[in-house]
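A.B. asks: compute the structure for the input listed below.
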Amino acid sequence: MTLNRRGLLAGATGIGAAGLGALAACSSPTAGEPLRSGRADLTLWTHDPGYATFFTDAAADAGLVGDSAWTYSVAVTSVAPPDIISRLINQAVAQRPLPNMAGLELGQFPRMMRDGIAENLLADLTPLTDALGDGLLKTQPYTVDGKVYALESDNSVSVLFYRADEFERLGIPADVATWEELLDIGAQVAADTGQAIGMVSNGGNTEIVQGYMQALFQRGGGLYDADGDLIVLSEENIEVLELMARGVSTGALLPLADPYGSATAAALKESRLIATVMPNWYKVYGLEANVPDQAGLWRARTIPRYANGGGIASTLGGTAFGVVKDQVLTDAALDFLQRCYLTPEGQLARYAAGAYLPTLADLYDTPDFQNLTDPYLGDQRIFEVYGAAAAELPVFYQAADLAVLRDSLGGPILRALNGQTGAEDALREGVDAYERQVSP
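C.D. replies: Numbering: from 1, shown residues only. Sure, this is the predicted structure:
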């Protein structure tokens, strides 16, 4: 059978493709009779050396794979997040070797949702995930037509990190109940001291929209529903943008181009930014990396609720791993991924290797996690916070044209944050721009 090479290459660049069904029936240099047991030398593409180290070590961990029918090794190739999907498609078109497993960054995964790419490239993981039901968190962003094609590595649970010493000095209660109340307090703090109790992005479209999405998911809003239809103009979405704009106007929220950039580092070091909602991994990559001398001063808590509804947690970012289908080692790779990602032992090993939070909901309440303390956070029992947040982790959905929507919304959202236009008008402008580019 002949591959539709034009269609696949179009898919690699995000242009509409046709005839991708041919991929599933075509052989590649790694296709053949499945290996049912024996030595399995797996190949893995990922952007993060942390995942490379974890999977390499896991292959030799008797506690994880000792009773497997396969004996594993893992060879890793480092590939930038935007390039992994393009390379997967290009390799398939060229009939060249594909990896057995690939790490798919959450924001890039929507490209797999176009024109059957996920279905034709990746093994359906639903038989592994169905048995876990709601006990397995964060499968929705990697679901296409009801089938799960990748497993999340870290729930990326967003909480409120705050400077306990500054909150005490300024008289800010650590248990403020609502965002509205916290923003009122933040406005007074900003007027008195110039300090901010949160940040928003005013950088590129991706950063702007991701920051908005994090706030949005907590409120119960989203960009798409389960059917892939836009829900951008919902009451929740408008309310969240209005609240963010209010925070910026009073100084409670500090506009910064990049949550990981030099300006943010300076704001942290100078104690101008004394709180921020970010995922669990920001403690390592944002706080510890930029202000190691502030160890012991920071704490974490669940996010204050919105007065009109929503939960106490959100999420931002993530990386999931999928298995390339119809290869000699596909069954071996599925077994390996299941052991690493869908067992308590694998999730404990992941946390020990890189502080990746469990995706199995029940684990948050076990002594293995509840008894952990965090020195940077003043020896806080951090899973008391993460566990409460994970119990209300919001569900959200993606769609194939998310990149177009991000680029359409970025500018209007920034203008709303700056007070140059109203929230509803900004979102409507973004939707209109999106719909002009995306066929119904």
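A.B. asks: contacts, neighbours, all on C-alpha from now
C.D. replies: Noted.
A.B. asks: state whether residue 50 is indeed within a helix.
C.D. replies: Yes - judged by DSSP: H, G, I helix; E, B strand; the rest coil, residue 50 forms part of a helix.
A.B. asks: that one - how many residues pack around it?
C.D. replies: 15 (other C-alpha atoms under 10 Å).
A.B. asks: and it, what is it in contact with?
C.D. replies: Residue 50 makes contacts with 353-354, as judged by C-alpha atoms under 8 Å, 6 or more residues apart in numbering.
A.B. asks: please enumerate the strands of the stretch 151-300 of the chain.
C.D. replies: Along the stretch 151-300 of the chain, the stretches classed as strands by DSSP state E, counting those that start in this stretch are 151-152, 157-163, 198-201, 253-256, 275-279, 298-301.
A.B. asks: what separates the shortest one from the chain centre, distance-wise?
C.D. replies: This points to strand 151-152. 10 Å (C-alpha atoms, centre = their mean, to the nearest Å).
A.B. asks: name the strands paired with that strand and say parallel or antiparallel.
C.D. replies: According to DSSP bridges, strand 151-152 forms sheet pairs with strand 319-323 (antiparallel).
A.B. asks: before we move on, what about the last one?
C.D. replies: Paired strands of strand 298-301, with direction, are strand 157-163 (antiparallel) (DSSP bridges).
A.B. asks: now the angle from the strand it pairs with to strand 275-279?
C.D. replies: Put simply, strand 157-163 runs at 160 degrees to strand 275-279, going by axes from the mean of the first three to the mean of the last three C-alpha atoms, to 10 degrees.
A.B. asks: residues in contact with strand 157-163?
C.D. replies: Strand 157-163 has contacts (C-alpha under 8 Å, 6+ apart) with 197, 214, 274-280, 297-303, 313-316, 357, 385-386, 389-390, 393.
A.B. asks: equivalent analysis for stretch 197-217, please.
C.D. replies: 158, 162, 183, 186, 222-223, 236-237, 240-241, 244, 248, 252-259, 273-277, 314-316, 394-396, 406-407, 409-411, 413-414.
A.B. asks: and the strands of the stretch 151-300 of the chain: which comes nearest residue 106?
C.D. replies: Between residue 106 and these, the tightest spacing by C-alpha to C-alpha is seen for strand 151-152, at 8.6 Å.
A.B. asks: need the residues that contact the closest one.
C.D. replies: Strand 151-152 is contacted from outside by 138-139, 142, 318-322, 341, 359, using C-alpha under 8 Å, 6+ apart.
A.B. asks: kindly reformat those residues as TSV containing neighbour count, pLDDT and distance to residue 126.
C.D. replies: Formatted as TSV, the contacts of strand 151-152 follow (neighbours: other C-alpha atoms under 10 Å; pLDDT from 0 to 100; distance: C-alpha to C-alpha, whole Å):
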residue	neighbour count	pLDDT	distance to residue 126
138	25	96	13
139	23	97	10
142	27	97	11
318	19	94	19
319	25	96	18
320	22	98	14
321	22	98	14
322	26	98	12
341	23	98	14
359	25	97	15
